[in-house]
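Participant: Here you go, sequence then predicted model.
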Amino acid sequence: MNSLKKLKNKNLSVYYYHKLLGLCPFILMDNEIYRASICGIIYTFILCIIYTHIYIRVVIRRFSFILPSETPMSTISDFIGITFDYLITISIWLIVIFRQNQLSKILNCFKNNYLFLKKIGIYEDYEMIYCSFRNWTFIINFAYYALLICDHAVLSMYTEFDLIIWAPLNFLRVITHDFIVLYSISLIIVKNRYTSINEFIKKLSFNLQQRNADYEKSLDLLKLLGPLHANLTNLLKLLESFFMIPIIFSLGSHFVQLTSCLYIVLMYMINNKVWSIRFIGSFVSTTSWFIFHSVEIIILIIVASTTCNEGNKIGINLHKLLINCTNERLSNLVKILSLRLLQQPVSFTLYGFIDLNAALLYQVINFVIFFILLIKYTNFNYHLIRKNYGLSLTINWILLTMPKMLQVLSTTIFSCLVILLANYFSTLNKQLKVIVNKANNYNIEIIGNPDVIAENIRQTSQIHYDLCKISKFLNHKFNGLLIITVTTAFAILSSTFYFIFVEVQSAHYTDLNRIGIYVSWQIIHAYPVVVTVIACNWASNQATHTGELIHKINVEKTDTKLYQTIQSFALQLHHQKVEFSGACLFPINSKLLQSMIAHVTTSLVILIQFQPSIE
């Protein structure tokens, strides 16, 4: 009985369950292929429309359903998490509808790759693969629905919670978790095949150490290794392309849910409330969701990371094989395979800027901690404003707060890019110091050819020119943001210092909460300016330091190529300077901070002079 018949006989329930969820808009055939189903495609389209309608109703309902312990940021985080899950579900449905050709390529690639494996004596147990997929699907679905039922039971204690609206949305959110199971099983199959190849190479290396080693047979087997590895790498790229969009949305969803759940759990533990049944239920439910999302995001990252690591181990094992190889033809073949592996390293990236590896998990942890602190600070600021001005959780407060958060995040992005640019200048200067030391060494045996040093300086000049162009490009793109950030900071700092002065000089009781609000505004608006100035100042100093280094080279003869290269580089440094400004209205350097302090002080003095007498 072939693999497809096993699927039909033992996994038919899983197939129809996923078909009910709209994940299988096709019909399985007897010859190990599938055929697109018009009815299945229409059914999935209908699910998209219904789910969009449900999502809109839930979003409208969510902002009117505010729990007593909720804060503005936790409500917004929950809304973002729901939106991410909606995008994941819709993208999955659209992928299974419009990318069936790519799915067919993936299945054919799995099949062709297995044929190569059988040629070198490696076999797979399809029944075990189907069993793993079935078991993990059952475990994930059981865990999700168990948590969902408990969550709905707790939320039903609140009269504002409408189960009829929320239940359909939450029922279909299981699709995101089923897709993670499919993604994980697919990568685990690829990982196991890489592992089998590594074991095969180790076994081959051991056999070559024997006296009666069959080099011709080993040569024939190794010739199959090149196409096999290329096929596996191509398969991994197809899987990367197929799962890319849902994985990006899934990472965003898990990040938001992790941050929100962990923040709520911490608030439950910090605030000394009465541990009623409803409170205990909410605490247990939130903690369970935090564990659930933590496990899933670890699986998302670790499965891809271990697969890539296993694939890159093939090169290490080939080098070990090369050490034990005495046959020239076999050695040449191993070298060719090794070079091919160096040219095609195994990686799993999302649009080339997100690498699914252990480092990403570390970054996620750092970002979760950072955003928890940000949420805590924002909620603290919100409660101060609410206490003093009676401001409730309305769309007005959200519209007042979110633009500033976006401005801070945009300024942070600009500062990070400038810091990265400064690091490049710093690395370039370190390399230039090495060149300067070589050029100033008069021992010709140590120097080598002076033309080589001239060529190194010319390359350094080209890199410095490119970095200067990047700095101008960054400055041009963020001109508007820099102007808004600096002018807003100046206005807020001037006014809040005046308000603090009035509050302190008032004959009435000094409101410390109100002063706390003013200080928090000052920190929020001053911090981006200070960080931006430090980053821009560092980048400018590193770029200027290059000119100081290049003039340290001692050149005795002016008619040499080295002298001409240095002269050309010096002229370039004179015309290509790294300077940041706000649309050429004011420079972004240390002088800006001095100027702002002076102008804020002047404005404060003027405001105090025009202040009416305090009775």
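Facilitator: Thanks, I have it.

Participant: Can you spell out the domain ranges of this structure, please?
Facilitator: 3-389, 395-609 (automatic domain parsing).

Participant: I'd like these written out as a markdown table, with mean pLDDT and mean neighbour count added.
Facilitator: From N, CA and C alone the C-beta is placed, and that goes for glycine too. A markdown table is the format used below for the domains of the chain (pLDDT from 0 to 100; neighbours: other Cβ atoms under 10 Å):
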| stretch | mean pLDDT | mean neighbour count |
| --- | --- | --- |
| domain 3-389 | 80 | 16 |
| domain 395-609 | 78 | 16 |
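
Participant: Assign a three-state SS to residue 27, would you?
Facilitator: State at residue 27, reduced to three classes by DSSP: H, G, I helix; E, B strand; the rest coil: strand.

Participant: how about it, what does it touch?
Facilitator: 34, 35, 36, 37, 40 (Cβ atoms under 8 Å, 6 or more residues apart in numbering).

Participant: can you do 6 Å?
Facilitator: 35, 37 (Cβ atoms under 6 Å, 6 or more residues apart in numbering).

Participant: In the sheet, which residues pair with it? Tell me.
Facilitator: For residue 27, the beta-bridge partners under DSSP bridges are residue 35.

Participant: What separation is there between it and residue 16?
Facilitator: Between residue 27 and residue 16 the distance is 12 Å, computed by Cβ to Cβ, to the nearest Å.

Participant: And residue 293, by the same measure?
Facilitator: Distance from residue 293 to residue 16, by Cβ to Cβ: 28 Å.

Participant: just residue 519 next, same as before
Facilitator: 62 Å.

Participant: Residue 172 too?
Facilitator: 16 Å.

Participant: try residue 250
Facilitator: Counting by Cβ to Cβ, the gap from residue 250 to residue 16 is 25 Å.

Participant: before we move on, what about residue 433?
Facilitator: Counting by Cβ to Cβ, the gap from residue 433 to residue 16 is 69 Å.

Participant: Repeat that for residue 453.
Facilitator: Distance, residue 453 to residue 16, by Cβ to Cβ: 72 Å.

Participant: do residue 375 as well
Facilitator: 43 Å.

Participant: can you give me the helices in the stretch 501-615 of the chain?
Facilitator: 512-550, 561-575, 590-609 (DSSP state H, counting those that start in this stretch).

Participant: ditto for the stretch 351-500 of the chain
Facilitator: 358-389, 395-439, 444-447, 450-477, 479-505.

Participant: Any chance of those in CSV with distance to residue 554 as columns?
Facilitator: Listed next are the helices of the stretch 351-500 of the chain as CSV, based on distance: least, Cβ to Cβ, whole Å:
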stretch, distance to residue 554
helix 358-389, 44
helix 395-439, 7
helix 444-447, 12
helix 450-477, 12
helix 479-505, 41
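
Participant: Between these, which one is closest to residue 299.
Facilitator: helix 358-389 (10.8 Å; Cβ to Cβ).

Participant: okay if I get the helices of the stretch 501-615 of the chain as a markdown table plus distance to residue 409?
Facilitator: Below are the helices of the stretch 501-615 of the chain laid out as a markdown table (distance: least, Cβ to Cβ, whole Å):
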| stretch | distance to residue 409 |
| --- | --- |
| helix 512-550 | 10 |
| helix 561-575 | 34 |
| helix 590-609 | 21 |
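
Participant: Residue 307 is nearest to which of these?
Facilitator: helix 512-550 (37.0 Å).

Participant: Show me what the closest one is packed against.
Facilitator: helix 358-389, helix 395-439, helix 479-505, helix 590-609 (3 or more Cβ pairs under 6 Å, 6 or more residues apart in numbering; DSSP states H and E).

Participant: Turn these into JSON lines, columns for distance to residue 312.
Facilitator: Listed next are the helices and strands packed on helix 512-550 as JSON lines, based on distance: least, Cβ to Cβ, whole Å:
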{"stretch": "helix 358-389", "distance to residue 312": "14"}
{"stretch": "helix 395-439", "distance to residue 312": "26"}
{"stretch": "helix 479-505", "distance to residue 312": "40"}
{"stretch": "helix 590-609", "distance to residue 312": "46"}
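
Participant: Residue 281 is nearest to which of the ones you listed?
Facilitator: Among the helices and strands packed on helix 512-550, the nearest to residue 281 by Cβ to Cβ is helix 358-389 (22.9 Å).

Participant: Report the contact partners of residue 92.
Facilitator: Here residue 92 is in contact with 175, 179, 246 (criterion: Cβ under 6 Å, 6+ apart).

Participant: any idea which helix or strand carries it?
Facilitator: Take DSSP states H and E as the rule and residue 92 turns out to sit in helix 72-98.

Participant: just the angle between that helix and helix 395-439, please?
Facilitator: 80 degrees (axes from the mean of the first three to the mean of the last three Cα atoms, to 10 degrees).

Participant: Figure out how far whichever helix or strand comes after helix 72-98 is from the centre of its chain.
Facilitator: Later in the chain than helix 72-98, the nearest helix or strand by DSSP H and E is helix 100-119. Centroid displacement of helix 100-119 relative to its chain, using Cα atoms, centre = their mean, to the nearest Å, is 30 Å.

Participant: Show residues contacting helix 100-119.
Facilitator: Applying Cβ under 6 Å, 6+ apart, the external contacts of helix 100-119 come out as 36, 224, 228, 231, 232, 235, 238, 242.

Participant: Name the nearest of those relative to residue 534.
Facilitator: residue 242 (43.5 Å).

Participant: check contacts around that closest one.
Facilitator: residue 102.

Participant: Show the subsequent helix or strand relative to the helix or strand hosting residue 202.
Facilitator: Take DSSP H and E as the rule and residue 202 turns out to sit in helix 174-208. Downstream of helix 174-208, the first helix or strand assigned by DSSP H and E is helix 215-270.
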